[in-house]
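> show me the folded form of this:
(chains A and B)
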There are 2 protein chains.
Amino acid sequence: MTPATPRRRGRPSRTESADTPAARDRILAAAREEFSERGYDKASVRGIAKAAGVDSALVHHYFGTKEQVFEAAVTLSFGPAMQAPQAVEEGPLDGVGERLTRFVFGVWENPATRTPLLAIVRSAVNNEAAAAVFRRIIATQVLRRIADRLEVPDAELRAELAAAQLVGIAMLRYVIKVEPVASADPEQIIKRVAPVVQAHLTAPS
Amino acid sequence: MTPATPRRRGRPSRTESADTPAARDRILAAAREEFSERGYDKASVRGIAKAAGVDSALVHHYFGTKEQVFEAAVTLSFGPAMQAPQAVEEGPLDGVGERLTRFVFGVWENPATRTPLLAIVRSAVNNEAAAAVFRRIIATQVLRRIADRLEVPDAELRAELAAAQLVGIAMLRYVIKVEPVASADPEQIIKRVAPVVQAHLTAPS
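Residues are numbered from 1 along each chain as shown, chains lettered A, B, ... in the order given. Below you'll find the model as predicted:
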């Protein structure tokens, strides 16, 4: 309660010490871990609470339902990928294909950002509630913002087809691991893929 | 046992009569069903045997390990998609992008072929052994054969980047179901995607 304490949520439930911003962060970290390791189906609010050393009620207090806890965990894990619209915005439109492609490779090539992304993809592929959360986040936080930057008709469809090229490469390279794409030099792939992403986003119809 | 009796279900378990092509087909159908419904992790040889009305030993006799049963089931489910190389081969190279894109859409748009494909994708995303089987099949049965038809350098990498575009669209449209791509008219998507697939496969480096 000193001025140095970060704001966030005020006072939670039952025991004083559980009811702090630190507890909230601990729950979120435990949720991310639980969903990563067990997938959406097998993860439980109870397991998350246990790992965070709090009561299940406190998890519900801060985040709501299991689906809402998942959304908070996805938002956290997906944080680095959510910078994609900045990569689009921060330069001229005619370099957007390369900037976006490099950005996406950067996120996937780094194990620290890849691991949580893989966990989200696995959950979304397997569970409809998880897919709905993922869908909402990528539609509103990523694709729509990229589309807003383009001054072309069908901007959202274009953003999605460009994203599809990048998602497909991620599937084949990092998830299924088919050769030669799994071991190819990223620069070789970027050279071929950046023009495709550029064409999807800006080429005349 | 009259000639009018449809083949398929012959006679049940262990006894002599189980060891027939009909029993093998029944096991394979049960395996496909079991892997579709439960995913690779939760499926078991025992469950497959039970659904087929045979002993587990007969499943092992015909197919080997769980992984090998999965491979046989994937090969069956993936049958329609394995015609892709024909779509590539059956016309001039300059129409290959459109032929391949139309072919892939045809497989995914038809619920009868989409459902088993989705089940394979889910298993492959979640389980490393299932991913290895899937990887081997798409590498040897699909991508390599498409690459053989192309007379360009880096043919395999090109085939994979083209496949990545189509895989990514399938993920966003049929698995994650992000709008607008999930509900877009297939012709609208084909019009934008066929040139990309063509460029990956045949454009000069």
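
> and the residue of chain A that's closest to chain B?
Closest residue of chain A to chain B, C-beta to the nearest C-beta: A:Gly168 (2.9 Å). No exception for glycine: its C-beta is placed from N, CA and C like everyone else's.

> neighbours of that residue, how many?
25 (other C-beta atoms under 10 Å in any protein chain shown).

> can you pull the contacts of it?
B:163-169, B:171 (C-beta atoms under 8 Å, 6 or more residues apart in numbering or on different chains).

> determine which two of those are furthest apart.
B:Ala163 and B:Met171 (12.2 Å; C-beta to C-beta).

> can you give me the helices in chain A?
A:21-42, A:45-52, A:56-63, A:66-77, A:84-89, A:96-109, A:111-126, A:128-137, A:144-149, A:155-170, A:186-202 (DSSP state H).

> mind putting those into JSON lines with distance to B:Arg32 and mean pLDDT?
As requested, the helices of chain A are arranged in JSON lines below (distance: least, C-beta to C-beta, whole Å; pLDDT from 0 to 100):
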{"stretch": "helix A:21-42", "distance to B:Arg32": "21", "mean pLDDT": "87"}
{"stretch": "helix A:45-52", "distance to B:Arg32": "33", "mean pLDDT": "95"}
{"stretch": "helix A:56-63", "distance to B:Arg32": "39", "mean pLDDT": "94"}
{"stretch": "helix A:66-77", "distance to B:Arg32": "30", "mean pLDDT": "87"}
{"stretch": "helix A:84-89", "distance to B:Arg32": "38", "mean pLDDT": "83"}
{"stretch": "helix A:96-109", "distance to B:Arg32": "32", "mean pLDDT": "92"}
{"stretch": "helix A:111-126", "distance to B:Arg32": "18", "mean pLDDT": "84"}
{"stretch": "helix A:128-137", "distance to B:Arg32": "22", "mean pLDDT": "86"}
{"stretch": "helix A:144-149", "distance to B:Arg32": "39", "mean pLDDT": "87"}
{"stretch": "helix A:155-170", "distance to B:Arg32": "25", "mean pLDDT": "94"}
{"stretch": "helix A:186-202", "distance to B:Arg32": "34", "mean pLDDT": "94"}
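
> can you tell which of those is closest to B:Trp108?
Per C-beta to C-beta, nearest to B:Trp108 of these: helix A:155-170, 12.7 Å.

> surely A:Cys109 and A:Glu187 touch.
Residue A:109: Glu, not Cys. No: contact criterion C-beta atoms under 8 Å: A:Glu109 and A:Glu187 do not qualify, at 11.2 Å.
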